[in-house]
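Asks: I need the structure of the sequence given here:
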Amino acid sequence: MSAATVAPRLHGIRQRRLTVLSALLGALAVAVVLSVTIGSKSVPLADAWHALTSPTGTENDIVIRSLRVPRTVLGVLSGVALGVAGALMQGHTRNPLADPGLLGVTQGAAFAMVSSIILLGVDSLLAYIWFGLAGALVASVAVFALGMVGGRGGPTPVTLALAGTAVSALLAALTSAVVLLDEQAMDVFRFWQAGSISGRSADVVWQVLPFILVGLVLAMINAPGLNALSLGEDVARGLGQNIPMTRTVGVAAVTLLSGAAVAACGSLAFVGLIVPHLVRPLSGTDHRWLLPYSGLVGAALLLFADVIGRVVAPPGELEVGVVLALIGAPFFVALVRRRKPVRL
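Replies: Numbers count the residues shown, from 1 in each chain. Presented below is the predicted three-dimensional model:
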């Protein structure tokens, strides 16, 4: 194929990808507007804009600035983090059913949070988050270390999956034992396990923001190496890739992204699982595009689910984790029943 033929094709592919990127940004913008204006107290768009640009202390101003905006920003950050982490995890494990929780992140955060309540008497949401993040990081390091035992050149997809399953099961059992000893720990764990972005202040956003930003940078650095790994380890090695370093950077990105999101919002199931499958028909297998697409779709999905949860049971609301489970469970069943499972 001549250069004169290849260049227009590459230009057309790039234009289509940029068009899809613009469409996803538009969908996310719509989700943000709905998240800011819709709730138990709906706020007209003009009043919401007034609250953001020139607040005067009205009730609508307080609702928008103190409640809706932090909730929406946290939803965007968590959705981006979980979407990108899911795409990374599926790419590194070559498993279409993998999600960020495979590294033990969710159970590590849960165990650390309930332990801090009983052992240290922690009773503040802002303190819970730090313990949850620490637990997620420690669990992921443990999984990574176990995955390296007995192997050469770093952990493999199989050893990571096995180690993650074992550590998650152990931490889940320990968490269940701990919450039975303390009523307060049970209440916190029950609410956290449902998954929610409500009731979080701007302080929570600032706490998790650095971890998510660093995780996103590592994810984009990891994208070219992950593209090479998708061709097979032998080919990747022949292309000059340092496979252990590539896997280490990928696991670090997944840990930071999913750990921060889970610590702040609880167990938001299915985002990291279903988003990469929604995105691949649009992006292809190139992770330089798959990762940003997954982040945008993850954020939009989480915000739309949160808005649905606000309107289906007035005057109360369903937690976003419950809505995501209702959306994700049928998708998961359809995924595993496909006659030709996705090959990564």
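
Asks: Can you pull out the low-pLDDT segments for this structure?
Replies: For the chain, the stretches with pLDDT under 70 are 1-8, 11, 150-155, 335-336, 338-344.

Asks: Could you identify the longest helix within it?
Replies: helix 3-37 (DSSP state H).

Asks: who does it touch, helix- and strand-wise?
Replies: helix 45-53, helix 69-93, helix 271-283, helix 287-311 (3 or more Cβ pairs under 8 Å, 6 or more residues apart in numbering; DSSP states H and E). Bear in mind the C-beta positions are built from the backbone N, C-alpha and C, glycine included.

Asks: so of those helices, which one's packed in deepest?
Replies: helix 69-93 (a mean of 28; mean count of other Cβ atoms under 10 Å).

Asks: could you pull out the helices for the stretch 51-200 of the chain?
Replies: In the stretch 51-200 of the chain, the helices defined using DSSP state H, counting those that start in this stretch lie at 59-62, 69-93, 105-120, 125-148, 157-179, 183-194.

Asks: For the ones you listed, give me CSV that also has distance to Ala263.
Replies: CSV is the format used below for the helices of the stretch 51-200 of the chain (distance: least, Cβ to Cβ, whole Å):
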stretch, distance to Ala263
helix 59-62, 27
helix 69-93, 10
helix 105-120, 5
helix 125-148, 3
helix 157-179, 14
helix 183-194, 9
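
Asks: Tell me which of those helices is the most buried.
Replies: Of these, helix 69-93 is the most buried (mean count of other Cβ under 10 Å), at a mean of 28.

Asks: and it, what other elements does it pack with?
Replies: Against helix 69-93 (3+ Cβ pairs under 8 Å, 6+ apart) you get helix 3-37, helix 157-179, helix 202-229, helix 243-265, helix 271-283, helix 287-311.

Asks: what's the closest of these to Val105?
Replies: helix 243-265 (4.6 Å; Cβ to Cβ).

Asks: Next, the buried residues of that closest one.
Replies: With burial defined by 16 or more other Cβ atoms under 10 Å, the residues of helix 243-265 counted as buried are 243, 246-265.

Asks: what angle separates it from helix 183-194?
Replies: Taking axes from the mean of the first three to the mean of the last three Cα atoms, to 10 degrees, one finds that helix 243-265 is oriented at 120 degrees with respect to helix 183-194.

Asks: CA atoms only for helix 243-265, dumped as CSV, please.
Replies: The C-alpha atoms that make up helix 243-265 are tabulated as CSV, following Å, rounded to 0.1, in the frame of the first residue of the first chain:
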residue,chain,number,x,y,z
ILE,A,243,7.8,-5.8,30.6
PRO,A,244,8.3,-5.8,34.4
MET,A,245,8.5,-2.0,34.4
THR,A,246,5.4,-1.8,32.2
ARG,A,247,3.4,-4.0,34.5
THR,A,248,4.6,-2.2,37.6
VAL,A,249,3.6,1.2,36.2
GLY,A,250,0.2,-0.2,35.2
VAL,A,251,-0.5,-1.7,38.6
ALA,A,252,0.6,1.5,40.2
ALA,A,253,-1.8,3.5,38.1
VAL,A,254,-4.7,1.1,38.8
THR,A,255,-3.9,1.2,42.5
LEU,A,256,-3.9,5.0,42.7
LEU,A,257,-7.0,5.5,40.5
SER,A,258,-9.2,2.8,42.0
GLY,A,259,-7.9,3.2,45.5
ALA,A,260,-8.7,6.9,45.6
ALA,A,261,-12.2,6.4,44.0
VAL,A,262,-13.1,3.5,46.3
ALA,A,263,-11.9,5.2,49.5
ALA,A,264,-13.9,8.3,48.8
CYS,A,265,-17.1,6.8,47.3
